[in-house]
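Asker: would you be able to build a 3D model of this:
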Amino acid sequence: MMLHCIESASEGGESLLSDGFKAAEELKRENPEAFKLLTTTIFENFDKGHSTDYHGRYHTVSRHSVIQLDNHGQISQVVMADHGRTPMLRVPVSTVSAIYEALKLFQGKLHDPVNLFKYKLQAGDIICINNYRVLHGRADFKVTETTNRHLEGAYMDWDQVNLRMRVLQAEMDQKNTNSHT
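Answerer: Here you go, the predicted model:
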């Protein structure tokens, strides 16, 4: 994901970035049961609205764990979107409290000052983050009659990013080969 700062808030509005993999590893080490719950419990998420770009109206629905593991049991994604998580949990009632406690512990890790990077974007700044690893948010900010906070976001498809990197690498390799002949 890329975030481009068009206008920076005069007061507050720092971007908050946290390494989800690091926080998940800490949770795994300190509370394996909470880690297991967040890798095995499926949460339902949705987002609905209208964008001004080519997507137009959208209504997305997804079902996944907060911490996702690859085929080797390694963390591959952390997806934590409180604003889009529905209250629907398709689990036995006896596990609900433990699941919410695991979420609370994980949130604590993400917001621990040692794991949180704060940066105030200025107009013209662009940050690029791996949205499957880095969780992002913002601090409170003050809007006045003359100032606001305006960021534009763009998502990149990893297949397209990797494809472009391979093409550029091949072009660079070809230029290097030609310059040595």
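
Asker: okay, the longest helix along the chain in PDB with CA atoms only?
Answerer: For the chain, the longest helix by residue count, based on DSSP state H, is helix 158-179. The C-alpha trace of helix 158-179 is given here as PDB (Å, rounded to 0.1, in the frame of the first residue of the first chain):
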ATOM      1  CA  TRP A 158       2.000  -8.200  -5.300                       C
ATOM      2  CA  ASP A 159       1.900 -10.300  -8.500                       C
ATOM      3  CA  GLN A 160       2.200  -7.100 -10.600                       C
ATOM      4  CA  VAL A 161       5.000  -5.600  -8.300                       C
ATOM      5  CA  ASN A 162       7.000  -8.800  -8.600                       C
ATOM      6  CA  LEU A 163       6.400  -9.100 -12.300                       C
ATOM      7  CA  ARG A 164       7.700  -5.500 -12.800                       C
ATOM      8  CA  MET A 165      10.700  -6.100 -10.600                       C
ATOM      9  CA  ARG A 166      11.700  -9.200 -12.700                       C
ATOM     10  CA  VAL A 167      11.300  -7.300 -16.000                       C
ATOM     11  CA  LEU A 168      13.400  -4.400 -14.700                       C
ATOM     12  CA  GLN A 169      16.000  -6.800 -13.300                       C
ATOM     13  CA  ALA A 170      16.200  -8.500 -16.700                       C
ATOM     14  CA  GLU A 171      16.600  -5.100 -18.500                       C
ATOM     15  CA  MET A 172      19.400  -4.100 -16.100                       C
ATOM     16  CA  ASP A 173      21.100  -7.400 -16.500                       C
ATOM     17  CA  GLN A 174      20.900  -7.000 -20.300                       C
ATOM     18  CA  LYS A 175      22.300  -3.400 -20.100                       C
ATOM     19  CA  ASN A 176      25.200  -4.600 -17.900                       C
ATOM     20  CA  THR A 177      26.000  -7.500 -20.300                       C
ATOM     21  CA  ASN A 178      26.000  -5.100 -23.300                       C
ATOM     22  CA  SER A 179      28.200  -2.500 -21.500                       C
END
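
Asker: low pLDDT regions in this structure?
Answerer: 53-55, 82-84, 181 (pLDDT under 70).

Asker: which stretches of it form strands?
Answerer: For the chain, strands defined by DSSP state E occupy the ranges 2-7, 11-12, 15-19, 43-50, 57-64, 67-69, 75-78, 116-119, 126-128, 134-138, 141-142, 150-154.

Asker: ok, which of these comes nearest residue 91?
Answerer: Closest to residue 91 of the strands of the chain, according to Cβ to Cβ: strand 43-50, at 9.9 Å. The C-beta positions use only the backbone N, C-alpha and C, and glycine is treated the same way.

Asker: before we move on, back to that, pull out the buried residues from the longest helix of the chain.
Answerer: In terms of neighbour count (16 or more other Cβ atoms under 10 Å), helix 158-179 has no buried residues at all.

Asker: contacts for that helix next, please.
Answerer: Helix 158-179 has contacts (Cβ atoms under 8 Å, 6 or more residues apart in numbering) with no other residue.
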